[in-house]
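In: With the input below, show me the fold.
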Amino acid sequence: VFTYCNPAISILSGYSNDELLNMSAFRIVLEEDRKWVIKEYTKWATSGVSDSKIEFRIRTKEGIVKYVEQQTNIVKDKSGKIIGYSCVLSDITERKLIEKNLIDSEERFRKAFATSPDAIVISDASTGKYIYVNPGFTDLTGYPDKEVIGKTSDEINIFENYSDRQSFVDEVKKNKTVQNFLTRFRIKSGEIRYGSLGAAILELYGAPHILSITRDITKQKLAEKALTEKQLQLQSVISNAPIILFVLDKNGVFRLSEGKGLSSLGLKPGEVVGQSAIDVYKDFPDIVDSIKSALAGQLKNITHKIDKKVFDANYTPIIENNNEITGVIGVATDITERIRFEETLKTSEENYKYLFENNPQPMWVYDIDTLEFLAVNKYAVNKYGYTKEEFLSMTLLDIRPADEHERLKNAVYNNDMAILKSGYWKHRTKDGEILFVEIYSHRLDFMGRNARLVMANDVTERKKFEDALLESEETYRLTAEQTGQIV
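Out: Numbers count the residues shown, from 1 in each chain. Purely as a prediction, here's the structure:
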């Protein structure tokens, strides 16, 4: 029971101080969380020691669900008897909602946050405080998220030079986006590394935030220096590599042009050395722009199309110890065949999707382990009466009468890749109509899930005819037996 509440708890919960006093603290805990929160209190009362922090949900007076983090300390009297609990609640709804949004937004955030080796940070644009960091940030800097959430880059002293941080922030706020901002940063151990930063302003829950990505280019910088110093020694190796490697001086003049990939452009190794790269590629504006950007200090990764060839090109400024840009080193790889393959694959996927959506039979994909619908076509929607959204919130059991549930559970776990044809099954539409169907199915991996593709053929009329035929045959047999007629 609440015995004292500061004004912040009233703001958080929506209840006045008078309403809270003598109210059970568990009353504001969300019903789904209440049972386990009570268990935590029981455990503390039994052991005499409270956990440092727990997170749960509350429901405000207005019915709004919020996430809170609770720091709990047990209060005892002079004899050591527990007389209450001192709790500090922090509203972590924004953080929780951001985390949920990141999880749900697969295309935008799943790969970037969960699998990217780059350090990715979301920070409040007005305060600079970190709201979220990905595992790549921890791997790169050594800071676990709990040590940086709620702090600024100044507070953890991550930029080697404060002026770089200020220039970076100013550019983001001015242009709304930044690419390839070169800087040096300090990790937790104190080691200084080189980074290439990109950032953009995005709106989260009505407030501006900064999404920033830092790529560790320390090894690349060291490799560039070593390559610049030893390019003559490496020339024989580079000449036989299936790439194009080039080095430009600060004026954009070729100082090195090697690699087996030059043959695809009709060039020989060293043929353009001494010539201006901008003049050589004057008919290709994207190449000229990339060269100029790299000479201005920007990393550049871009795809170039030259005649019928496609190249993936990387441009990296050569920066000496005094931060002077002395040239550019570049690597270009012929990816023509890969692009053709990707286009073929894309066409194949589009054809498959078209066939699935426009098949004149109901079709769906379901998760073998959970029986959840993962995809349905429009003919399934029309046939069964459920909307697509309703289907995707249902399982196979929802379209089966209860007397077939056990049979279904015993049948779905066949992981055979072959196309399977089942006997008759009963399906129930949204309006309660019972359909008899034949099922054709095939196991597949669907978005990383163990699934089956199903086509349902409505055989209700056929089943009625077969039943009527059987009934007629049985009637005839009984009549023959009773009359003694020889059949």
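In: Would you state the strands of the stretch 1-150 of the chain in chain order?
Out: 53-59, 65-76, 82-91, 119-124, 130-133 (DSSP state E, counting those that start in this stretch).
In: Now render those strands as CSV, adding mean pLDDT and distance to Glu258.
Out: The way it works is simple: take the backbone N, C-alpha and C, and place the C-beta from them, glycine included. Shown next, in CSV, are these (pLDDT from 0 to 100; distance: least, Cβ to Cβ, whole Å):
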stretch, mean pLDDT, distance to Glu258
strand 53-59, 91, 57
strand 65-76, 89, 57
strand 82-91, 88, 59
strand 119-124, 92, 34
strand 130-133, 91, 41
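In: between those, which gets nearest to Arg443?
Out: Set against Arg443 and scored by Cβ to Cβ, the strands of the stretch 1-150 of the chain come closest in strand 119-124, at 35.3 Å.
In: just to revisit the earlier point, for the strands of the stretch 1-150 of the chain, which one sits closest to Ser189?
Out: Of the strands of the stretch 1-150 of the chain, nearest to Ser189 by Cβ to Cβ is strand 119-124, at 15.0 Å.
In: strand partners of that closest one, parallel vs antiparallel please.
Out: strand 130-133 (antiparallel), strand 207-216 (antiparallel) (DSSP bridges).
In: tell me the SS of Phe341?
Out: For Phe341, the secondary structure call by DSSP: H, G, I helix; E, B strand; the rest coil comes out as helix.
In: Could you check how far it is from Gly448?
Out: Phe341 sits 22 Å away from Gly448, going by Cβ to Cβ, to the nearest Å.
In: now swap in Gly195 and tell me
Out: Noted for Gly195: a distance of 31 Å to Gly448, by Cβ to Cβ.
In: next one: Gly150
Out: Distance from Gly150 to Gly448, by Cβ to Cβ: 33 Å.
In: what does Asp398 give?
Out: 24 Å.
In: who has more neighbours, the two?
Out: More neighbours surround Asp398 than the other of Asp398 and Gly448, with 15 against 6 (other Cβ atoms under 10 Å).
In: Distance check, the more buried one against Gly206.
Out: 37 Å.
In: ditto for Arg95
Out: From Arg95 to Gly206 the distance is 16 Å (Cβ to Cβ).
In: neighbour count winner among the two?
Out: Ranked by neighbour count (other Cβ under 10 Å), Arg95 and Gly206 place Arg95 first, with 17 against 5.
In: show me the contacts for the residue nearest to that one when sequence neighbours are not counted.
Out: Nearest residue to Arg95, sequence neighbours excluded (Cβ to Cβ, 6 or more residues apart in numbering): Ile131, at 6.4 Å. Applying Cβ atoms under 8 Å, 6 or more residues apart in numbering, we find Ile131 in contact with 94-95, 98, 122-124, 149, 209.
In: neighbour-wise, which of these leads?
Out: Neighbour counts for those (other Cβ under 10 Å) peak at Ser123, which has 22 neighbours.
In: can you pull up the bridge partners for that residue?
Out: With DSSP bridges as the rule, Ser123 is bridged to Tyr130, Ile210.
In: Then Arg186?
Out: Beta-bridge pairing of Arg186 under DSSP bridges involves Ile192.
In: Contact partners for it?
Out: Contacts of Arg186 were listed using Cβ under 8 Å, 6+ apart, and they are 157-160, 192-193.
In: rerun that using 7 Å as the cut-off
Out: Arg186 is in contact with 157-158, 160, 192, counting by Cβ atoms under 7 Å, 6 or more residues apart in numbering.
In: buried subset of those residues?
Out: Buried members of these, scored by 16 or more other Cβ atoms under 10 Å, are 158, 160.
In: quick one: Gly190 and Met363, what's the gap?
Out: Taken as Cβ to Cβ, the span from Gly190 to Met363 is 59 Å.
In: what about those two, which has more around it?
Out: Using other Cβ under 10 Å as the criterion, Gly190 and Met363 rank with Met363 on top: 22 against 8.
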